[in-house]
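Undergrad: how would this look folded up:
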Amino acid sequence: MFKKILIANRGEIACRVAATARRMGIKTVAVYSDADASAKHVAACDQAVHIGGSAPKDSYLRWERIIEAAQATGAQAIHPGYGFLSENEDFARACTQAGLVFIGPPASAIQAMGLKAESKQLMEKAGVPLVPGYHGSDQDPRMLQHEADRIGYPVLIKASAGGGGKGMRAVDKAEDFAAALASCQREAINSFGDDAVLIEKYVQRPRHIEIQVFGDTQGNYVYLFERDCSVQRRHQKVLEEAPAPGMTPELRAQMGLAAVAAARAVNYVGAGTVEFIVEQRDGGAMNFFFMEMNTRLQVEHPVTEAITGQDLVEWQLRVAAGQALPLSQEQLKITGHAIEARICAENPENNFLPATGTLNVYRKPHCTSFERGDVRFDDGVREGDAISPFYDPMVAKLIVHGDTREQALARLDEALAQTHIVGLATNVQFLRLVARSPSFANAQLDTALIPREAAVLFGQELVGLPMAAAAAVAQTLLAEKTLEGIDPFSRRDGWRSHGLVQRSFAFEFGGAHASAQLTYLGNGALQFAVQPGQGSGSAASGALSFKALDDGRIELHFADERAVVSVYAQGETLYVFAAAGATHIVEIDLLAHAGETQSEGGRLTAPMPGKVVSFAVKAGDKVTKGQPLAVMEAMKMEHTIAAPADGVVTELLYAPGDQVSEGAELLQLAVAAA
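TA: Prediction:
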């Protein structure tokens, strides 16, 4: 076994690999960029080497620098994690040439499976079922359009060298094909350096089910069952679970054997995932088709660990060291059900645009053991760390395990309720809503689940105005109490020698103004009334009482409701977390310039930090509402900015290739008079 390995990655996966290596008595070396100088993964390893600038191309993609770091520190092997260089055959080959063990498959297997078109031709020869499509080398746009027309719409354009949903577009009709192809190719070049694509029939009501496979150097292969990854947004996974609901033993065996056949076809070694698109037919029948093979460990591997009780990183290390697979197919068993939720810095209410910022508050759920506990939380950040625009926006992975799917769902909801993040937008509340949605709760899964359940997933306030206002006032009064001195005149309990004392509060909640009045009744009793502004919720009044608990939470009683809440103050904004959900409310009477607003007029601003890819217009162009104006790229994803109204472009304020900050004005639009 290795004595020291280098982890050629960052964040959560670097911490994950380091944890297993430490348990096995293996020393670890971290690499880090300028942005990650004080990152958690650096502290998690025994040594650390600086490899360059913040952008991936200046650090984590510099494989020659990584190999130098491994040699300089005496590492015997390199674990690539996932993303970055994990599926780069040149890097795998260079490791071998440098006398280092690449903890992954041979370069030939990465190459064979790395290009989707060629891999599908290989799978066809191996007898693995394929979706009807075009996987040829002719990349002339007219030829690709012809093939899409032949296959029949809807079709899916996919970057041949792609993964993670990047460089992928669904096209419903022929007239949209050319624009979708161009966008797909741009994103593919930015992410993979290769703009080749393939065209496939877009399967209706598809499920995304993948099989975890493992091979060793002795020619042994096993499959560690399946994961359902159907719940996706922007073609990227949101929730994953194992085993797949509705999977029969017969179908599991068929898919498992097909996955092993795919691995054998390329002499695969190590951990890999064979991804299938599964067509759901009337009567419950399911057909499966090969989609791609990811020649690395997957983000969602912990759910497989939870149901099998195996540490897949340990398997990787043992296989890379030349050992045989730890278990045979007959020895592998499924126990219970596991679900993983990807906690990301993004705004679900704004088309899941990635967010950046500082984790001012970062409180995690109560966790149990590492492999098969009830609750597991994998991350690579700490409170106070920043989420930068340079890397993937995933903050952490929450993994729960239960005897049944229903038990796992209950544990997932409870653990998400205990996850408190303040400082940037996240999808934590969205994940709770997805897990509670009728489709997910009843295991009616397909890749269209999120748009189908949009009515219950978006625009929801899990904590209403009355409890939010009551929590804000309770927090304010508790904070004031800390200012009391020993003299009676400094008391903040509302006592007066005669008459009642009343205090007024003004709030902003859900984009609207609201007011509240607190009445001191004497002997510590309080009466509280909340009056919403237009569209900001419902009115409520009643007795208010509260007390601070030892763990920092507040026990709150208002208008016949009881809640235990955590309240975090960030300036004038108070963030409220309760069992029902989370929200924020602003005490606008504390603002220095309450009520002042600035009209955006005809300005169009960047919704997130990133790079300007292109403009579709020039100064003087007339545009119509909804017309694409510009394309931005951030965190390896493209985002199109459209005209909010009819008008005329008066000025472009940046050029393609420019880096811009969130809120930067990209162009000016003279809006046409109504």
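Undergrad: mind checking how far residue 56 is from residue 388?
TA: 11 Å (Cβ to Cβ, to the nearest Å). (Each C-beta comes from the backbone N, C-alpha and C, glycine too.)
Undergrad: typed the wrong thing, it's residue 470
TA: 37 Å.
Undergrad: what's the answer for residue 132, then?
TA: The value you get for residue 132 to residue 388, if Cβ to Cβ is used, is 42 Å.
Undergrad: Next: residue 138.
TA: From residue 138 to residue 388 the distance is 40 Å (Cβ to Cβ).
Undergrad: quick one, which of these two is more surrounded?
TA: Ranked by neighbour count (other Cβ atoms under 10 Å), residue 138 and residue 388 place residue 388 first, with 16 against 10.
Undergrad: residues in contact with the more buried one?
TA: Residue 388 sits next to 35, 54, 356 when contact means Cβ atoms under 8 Å, 6 or more residues apart in numbering.
Undergrad: again, 6 Å this time
TA: Taking Cβ atoms under 6 Å, 6 or more residues apart in numbering, we find residue 388 in contact with residue 35.
Undergrad: and it, backbone torsions?
TA: phi -100, psi 170 (degrees, to the nearest 10).
Undergrad: Centre-most residue in the protein?
TA: In the chain, the residue lying closest to the centroid (Cα atoms, centre = their mean) is residue 344, at 3.7 Å.
Undergrad: Could you tell me the average pLDDT over the strand ranked longest in the chain, please?
TA: Taking DSSP state E as the criterion, the chain has its longest strand at strand 221-233. The average pLDDT for strand 221-233 rounds to 97.
Undergrad: hmm, who's touching that strand?
TA: By Cβ under 6 Å, 6+ apart, strand 221-233 touches 207-215, 237-244, 256, 259-260, 263, 300, 303-304, 308, 329, 334, 352, 445-447, 449-450.
Undergrad: what lines up beside the following helix or strand past that strand in the sheet?
TA: The helix or strand immediately downstream of strand 221-233 is strand 236-242, counting by DSSP states H and E. Strand pairing for strand 236-242, determined by DSSP bridges: strand 221-233 (antiparallel), strand 337-344 (antiparallel).
Undergrad: where in the stretch 201-350 of the chain is pLDDT low?
TA: The model of the stretch 201-350 of the chain has no residue with pLDDT under 70.
Undergrad: actually the stretch 451-600 of the chain, sorry about that
TA: Ranges of the stretch 451-600 of the chain meeting pLDDT under 70: 483-499, 535-537, 589-600.
Undergrad: Which parts of it are strands?
TA: In the stretch 451-600 of the chain, the strands defined using DSSP state E, counting those that start in this stretch lie at 501-509, 512-522, 525-532, 540-548, 554-558, 561-570, 573-578, 581-587.
Undergrad: Out of those strands, the one nearest residue 122 is which?
TA: Comparing the strands of the stretch 451-600 of the chain against residue 122 with Cβ to Cβ, the closest turns out to be strand 581-587 (47.8 Å).
Undergrad: picking up where we left off before, list only buried entries from the contacts of strand 221-233.
TA: Neighbour counting with 16 or more other Cβ atoms under 10 Å marks 207-215, 237-244, 256, 259-260, 263, 300, 303-304, 308, 334, 352, 445-447, 449-450 as buried within the contacts of strand 221-233.
Undergrad: was I right about residue 581 contacting residue 461?
TA: No: applying Cβ atoms under 6 Å as the test, residue 581 and residue 461 come out as separate, 7.8 Å apart.
Undergrad: Distance-wise, check residue 153 relative to residue 396.
TA: 39 Å.
Undergrad: So those two - more neighbours on which side?
TA: Between residue 153 and residue 396, residue 396 has the larger neighbour count (other Cβ under 10 Å), namely 22 against 15.
Undergrad: Pretty sure that one sits in a strand.
TA: Yes: per DSSP: H, G, I helix; E, B strand; the rest coil, residue 396 lies within a strand segment.
Undergrad: which residues does it bridge with?
TA: residue 343, residue 379.
Undergrad: Can I get the strands paired with strand 236-242 in JSON lines including distance to residue 289?
TA: Compiled in JSON lines, the strands paired with strand 236-242 are given as follows (distance: least, Cβ to Cβ, whole Å):
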{"stretch": "strand 221-233", "distance to residue 289": "14"}
{"stretch": "strand 337-344", "distance to residue 289": "24"}
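Undergrad: Where does pLDDT dip in the stretch 1-150 of the chain?
TA: In the stretch 1-150 of the chain (pLDDT under 70), the answer is 116.
Undergrad: hey, where'd the strands end up in it?
TA: Counting by DSSP E, counting those that start in this stretch, the strands of the stretch 1-150 of the chain are 4-7, 27-33, 47-52, 77-79, 101-102, 133-134.
Undergrad: can you redo the ones you listed as CSV with distance to residue 512 and mean neighbour count?
TA: What follows is these, written out as CSV (distance: least, Cβ to Cβ, whole Å; neighbours: other Cβ atoms under 10 Å):
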stretch, distance to residue 512, mean neighbour count
strand 4-7, 49, 25
strand 27-33, 43, 24
strand 47-52, 48, 19
strand 77-79, 51, 27
strand 101-102, 57, 22
strand 133-134, 49, 20
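Undergrad: Looking at these, spot the one closest to residue 569.
TA: Using Cβ to Cβ, the nearest of these to residue 569 is strand 27-33, at 33.1 Å.
Undergrad: Quick one: end-to-end distance for stretch 194-213.
TA: Length of stretch 194-213, first residue to last, Cα to Cα, to the nearest Å: 27 Å.
Undergrad: Ok, stretch 576-588 next?
TA: Chord length of stretch 576-588, first to last residue, is 16 Å (Cα to Cα).
Undergrad: What are the contacting residues of it?
TA: 417, 420, 429, 461-463, 468, 471-472, 506-509, 563, 565-567, 572-575, 594.
Undergrad: redo that, cut-off 8 Å
TA: Contacts of stretch 576-588 (Cβ under 8 Å, 6+ apart): 417, 420, 428-429, 432, 461-463, 465, 467-469, 471-472, 476, 505-509, 513, 563-568, 572-575, 594-595.
Undergrad: Any chance of a ChimeraX selection covering the buried ones in those?
TA: Buried residues within those, by 16+ other Cβ under 10 Å, are selected in ChimeraX with:
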select :417,420,428,429,432,461,462,463,465,467,468,469,471,472,476,505,506,507,508,509,513,563,565,566,567,568,574,575
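Undergrad: Neighbours of residue 504, how many?
TA: Residue 504, neighbours per other Cβ under 10 Å, totals 9.
Undergrad: Distance-wise, check the residue lying closest to it once chain neighbours are set aside relative to residue 141.
TA: Among residues not flanking residue 504 along the chain, residue 517 sits closest, at 5.5 Å (Cβ to Cβ, 6 or more residues apart in numbering). Distance, residue 517 to residue 141, by Cβ to Cβ: 66 Å.
Undergrad: before we move on, what about residue 94?
TA: For residue 94, the distance to residue 141 equals 35 Å [Cβ to Cβ].
Undergrad: more neighbours, these two?
TA: Neighbours per residue, other Cβ under 10 Å: of residue 94 and residue 141, the larger number sits with residue 94, 19 against 13.
Undergrad: contacting residues for the more buried one?
TA: Contacts of residue 94 (Cβ under 8 Å, 6+ apart): 63, 64, 67.
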